[in-house]
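Q: predicted model and sequence follow; I will ask about them next.
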Amino acid sequence: MLTKLFCKAQTLVTEFKNDERGVTAIEYGLIAVAMAAVLGVLFGSDGGTVGTALSTVFNGIITDLSGASS
């Protein structure tokens, strides 16, 4: 009786340890968090080079469009 209970518990623990359901979702979540952190650094409001370059380009486009409409 006790041996049967021990074997059943050992089987359940082994199955739980080998269960990989949901691992892919967790990996994709970690990748998304890493990408969000990188984008936050690149496009941050603290004067990042990419953010400044994009701001300059978009301001030039706005200036050109407002000049063309008048």
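A: Cool, the structure landed.
Q: all contacts plus neighbour counts: C-alpha atoms, from now on.
A: Will do.
Q: check which residues of the helix or strand hosting residue 38 are buried.
A: Using DSSP states H and E, residue 38 maps to helix 23-42. Neighbour counts using 16 or more other C-alpha atoms under 10 Å place 41, 42 of helix 23-42 among the buried residues.
Q: what average pLDDT does it get?
A: For helix 23-42, mean pLDDT rounds to 89.
Q: and the next helix or strand past it?
A: Following helix 23-42 in sequence, per DSSP H and E, is helix 49-69.
Q: buried stuff in that next one?
A: Residues of helix 49-69 classed as buried by neighbour count (16+ other C-alpha under 10 Å): 51, 52.
Q: pLDDT score for residue 2?
A: So, for residue 2, pLDDT stands at 82.
Q: how far away is it from residue 30?
A: 43 Å (C-alpha to C-alpha, to the nearest Å).
Q: what of residue 5?
A: 38 Å.
Q: for residue 24, same thing?
A: Distance from residue 24 to residue 30, by C-alpha to C-alpha: 10 Å.
Q: with residue 13 instead?
A: For residue 13 relative to residue 30 (C-alpha to C-alpha), the value is 26 Å.
Q: now do the contacts for residue 55.
A: Listed by C-alpha atoms under 8 Å, 6 or more residues apart in numbering, the contact set of residue 55 is empty.
Q: the spatially most central residue of the chain: what's it in contact with?
A: Residue closest to the mean C-alpha point of the chain, counted by C-alpha atoms, centre = their mean, is residue 32 at 1.0 Å. Listed by C-alpha under 8 Å, 6+ apart, residue 32 has no contact partners.
Q: quick one: it and residue 22, what's the gap?
A: 16 Å.
Q: circling back to that earlier point, quick check: angle from the helix holding residue 38 to helix 49-69?
A: 70 degrees (axes from the mean of the first three to the mean of the last three C-alpha atoms, to 10 degrees).
Q: start the count at 27 instead of 1 going forward.
A: Yep, numbering from 27; the last one is helix 49-68 now.
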